[in-house]
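> Okay, sequence plus prediction incoming.
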Amino acid sequence: MVQLSKTLSDLASDNKKALVAYIVAGDPTPGTTVPLMHTLVDAGVDVIELGMPFSDPEAEGPVIQLAHERALAHHVSLRDSLAMASEFRQTNQTTPIVLMGYLNPIEFIGYEQFAKEAEAAGINGTIIVNLPPEESGEMDPILEAHGIEPVYLLAPTTTDERAEIVCRASRGFVYYVSLKGTTGASTLDIDDVAEKMSRFRKISTLPIMVGFGVKDGASARAVADVADGAVVGSAIVKLMEQYRDDPDMLQSSVKQFVRELRAAID
Amino acid sequence: MTNNSGAEAGINESLFAYPDERGHFGVFGGKFVSETLMAALQNLEAEYNRLRKDDAFQEELKRDLSEYVGRASPLYYAERLTQEAGGARIFLKREDLNHTGAHKINNCIGQALLAKYMGKPRVIAETGAGQHGVASATVAARFGLECQVYMGSEDIKRQSLNVYRMKLLGAQVVPVTSGSKTLKDALNEAMRDWVTNVDNTHYIIGTVAGPHPYPMLVRDFQSVIGEETKRQFEAQHGGLPDAIVACVGGGSNAMGIFYPFLEDRSVRLIGVEAAGLGLETGRHAAPLSEGSIGVLHGNRTYLMSDEDGQIIETHSVSAGLDYPGVGPEHSFLKDVDRAEYVAIDDNEALEAFRLLNRVEGILPALESSHAVAYGVKLAGQMSADQSIVINLSGRGDKDIPTVARIDGISIE
Ligand SMILES: Cc1ncc(COP(=O)(O)O)c(C=O)c1O
């Protein structure tokens, strides 16, 4: 079994919920990222979503857009993001890394070359935000051949018919984007999430992670109660913005925040 | 993706067979969007496929194009411009004479009617120079729809006249401060709004770009330009023109005039991109001439990216051509060799702007001036028994401050 699926099934057999954290590679500086990845793991994160900076992050709200801009100010590229994953892998061979981003930089390198380099860097999964399963016929087998699991998204507006397509294409887990709109928008409607979960559970046996709107222990707990895990993004990225000039505070505040989430969901 | 081009995808098929049911023009186009947008696009597609065959919808569209927009726009034989060029006869398709002064209104009327028939009381739009924003605000006023226009904060500074016009029309202009603070970022922001408010909102994209079904539906609404041109040319001159020339920003005026001629293979179709300060400087807006294939704004097409695959900033003296991508159908027509794409730089466009004023008494938009510049060049290489049609996509009143500034004159 590949690492992402293995980690998630181990958690499930221990009756534990997954904590997934999203950061943008190179935000606020290239030097921040690898230590931050270790901090996340030390504080209790199970899966790291590593965002690749892109000039046009179409589906993100203002908080994460600014993270992409901070990273791009340092010209952090797809290959730089992979180099950071590689460096992290020197001392951590087990925590799954899911590379999250947009298709254009990958088209530029070419799918095969991308998959080869990503595998070598220790990447375990991908979330390519603007590549829905309808357009991924060429990408999926290439990723699979390199042991990388493609994760696809579900949204509140996803019909049962499309949910089947999405779940069939997904490996590792499916990611339920619990809000209409962009990342970081408004608050979580947990009853609605619960209703959607029971619908999707009839369609697929894959673990379902819920993201967008997790901002503290209470919301993480609420999500973990109904899903297989919680994804936290904007709330961590906000700390990058707040402590962008203070690397020590940045790491310690992230550590404290993630511990709080971990404690809440366990 | 593999590097096989659209050429493989079906050169033997009629070019009217595109896009396919998945919104693909060969390898181009498609629906490269986040899951959050999928339902909205599928719904729009279903509604559009229903309404395009709906008699009441088509009747109302036709009536508004005639009585509100002022169609048909004239096809004008430009005798003195022809003499100036010294070759083929030059005809101008006068989209500048439409209400609001450009072809943009053809699409906006169509999409506002879509919004009305879909029961959506609110429309949003992106704009660069403000032309599409003004056209959207205009049709929103006409149909009593609430309207918000997303515009880069850099563009707001450069285009104060159009910003004020949109406000007079009752629209709200929303400044976009992300990324390069220009058209591409305004498009991103409009998509984000649409995802969030799709229940009551229709997004009026201003050109033949974006995810399927937009490139198709904007093309369909703009095709009235080519249909009229075909009829008018036959009546005034007989037969078909030898070439059609149109400027390409996102590509809507060009697609509109090209489309009805796609299967008339004797007619050369030539799209003119903005070479800005010169193709060799890298400071231009010519993805078909100098770009590479990539994915932006929901479709696969030729784009201007750097070596990391980041979208780069473009340059053109005409704000309406200042876009790093291009509609996917143009990418397809380029790769199957049905259309040709060339580039005209800022200086050549300005010269054509002055020339048309002087010899025909017509003030063209700077965007359209690119088409005029290439058209005059081309006509000069053709013979007197041949004819070309230049799509005069808009009028240039909006550009007078820009040109005056270049002349060292400040107009307030
Ligand atoms: C007069 C005019 N022509 C052309 C364009 C370029 O758009 P398109 O290539 O979609 O026709 C614009 C865009 O604002 C315009 O205002």
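Thanks, I have the structure now. Numbers count the residues shown, from 1 in each chain, chains lettered A, B, ... in the order given.
> Wait, a strand at A:Asn104?
No. Looking at A:Asn104 with DSSP: H, G, I helix; E, B strand; the rest coil, it is helix, so not inside a strand.
> Was I right to think it contacts B:Ile312?
No. Contact criterion C-beta atoms under 8 Å: A:Asn104 and B:Ile312 do not qualify, at 11.4 Å. C-beta: built from backbone N, CA, C; applies to glycine.
> ok, these two, which is more surrounded?
Taking other C-beta atoms under 10 Å in any protein chain shown, A:Asn104 and B:Ile312 do not tie; A:Asn104 has more neighbours (24 against 15).
> what do A:Asn104 and B:Ile312 both touch?
In terms of C-beta atoms under 8 Å, 6 or more residues apart in numbering or on different chains, A:Asn104 and B:Ile312 are both contacted by the residues B:Ser305.
> Downstream of the lowest-mean-pLDDT helix or strand in chain B, the next helix or strand is which one?
One helix or strand of chain B scores below all others by mean pLDDT, DSSP states H and E: helix B:153-158, with a mean of 87. Per DSSP states H and E, the first helix or strand lying C-terminal to helix B:153-158 is helix B:160-168.
> Any buried residues in that next one, and which?
Buried residues in helix B:160-168, defined by neighbour count with 16 or more other C-beta atoms under 10 Å in any protein chain shown: B:Asn162, B:Val163, B:Arg165, B:Met166.
> Which pair of the residues you listed spans the longest distance?
Based on C-beta to C-beta, the longest span within the buried residues of helix B:160-168 runs between B:Val163 and B:Arg165 and measures 7.2 Å.
> Other residues contacting the least confident helix or strand of chain B?
With contacts defined as C-beta under 8 Å, 6+ apart, helix B:153-158 is touched by B:127-130, B:163, B:173, B:175-177, B:180-183, B:186, B:319.
> One more pass at 7 Å, please.
B:Gly128, B:Val163, B:Val173, B:Pro175, B:Val176, B:Thr177, B:Lys181, B:Thr182, B:Leu183, B:Ala319 (C-beta atoms under 7 Å, 6 or more residues apart in numbering or on different chains).
> Just the ones in helices from those residues, please.
Of the contacts of helix B:153-158, the ones assigned to helices by DSSP state H are B:Val163, B:Leu183.
> Show me the longest strand that occurs in the chain.
Answering for chain A, as no chain was given. The longest strand of chain A (DSSP state E) is strand A:18-24.
> wrong one, chain B
Longest strand in chain B, counting by DSSP E: strand B:268-276.
> got a list of contacts for that one?
Here strand B:268-276 makes contact (C-beta under 7 Å, 6+ apart) with B:242-248, B:251, B:254, B:258, B:261, B:283-286, B:288-289, B:315-316, B:318, B:321, B:330, B:338-346, B:370-371, B:374.
> Stretch A:124-144 now?
Contacting residues not belonging to stretch A:124-144 are listed as A:2-4, A:49, A:58-59, A:96-103, A:106, A:111-112, A:115, A:148-152, A:165-166, A:169, A:172, A:175, B:1, B:22, B:30-35, B:38, B:295 [C-beta under 7 Å, 6+ apart].
> Quick check, B:Val163 in contact with B:Val173.
Yes. At 5.4 Å, B:Val163 counts as touching B:Val173 under the criterion of C-beta atoms under 7 Å.
> And the pLDDT at A:Ile203?
Reported pLDDT at A:Ile203 in the predicted model: 95.
> Can you tell me how far it is from the ligand?
Distance of A:Ile203 to the ligand, computed by C-beta to the nearest ligand atom, to the nearest Å: 41 Å.
> which residue packs closest to that residue, ignoring adjacent ones?
Ranked by C-beta to C-beta, 6 or more residues apart in numbering or on different chains and with sequence neighbours excluded, the top spatial neighbour of A:Ile203 is A:Ala163, at 5.1 Å.
> Which residues are in contact with the one you found?
Going by C-beta under 7 Å, 6+ apart, A:Ala163 touches A:Leu154, A:Phe200, A:Ile203.
> So which of those belong to helices?
Using DSSP H, A:Phe200, A:Ile203 are the members of the contacts of A:Ala163 that sit in helices.
> Neighbour count for the contacts of A:Ala163 - can I get that in CSV?
Output for these, formatted as CSV (neighbours: other C-beta atoms under 10 Å in any protein chain shown):
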residue, neighbour count
A:Leu154, 25
A:Phe200, 21
A:Ile203, 17
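> Distance to A:Gly44 for the contacts of A:Ala163 - can I get that in CSV?
CSV is the format used below for those (distance: C-beta to C-beta, whole Å):
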residue, distance to A:Gly44
A:Leu154, 25
A:Phe200, 26
A:Ile203, 30
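> what's the burial count for the residue in chain A that the ligand sits nearest to?
For chain A and the ligand, the shortest gap (C-beta to the nearest ligand atom) falls at A:Asp56, measuring 18.8 Å. Neighbourhood size, A:Asp56 [other C-beta under 10 Å]: 22.
> Could I get the contacting residues of it?
By C-beta under 7 Å, 6+ apart, the residues touching A:Asp56 are B:Gly179, B:Lys184, B:Asn188, B:Leu296, B:Ile311.
> With respect to the ligand, which of those is nearest?
Nearest to the ligand among the contacts of A:Asp56 is B:Lys184, at 13.5 Å by C-beta to the nearest ligand atom.
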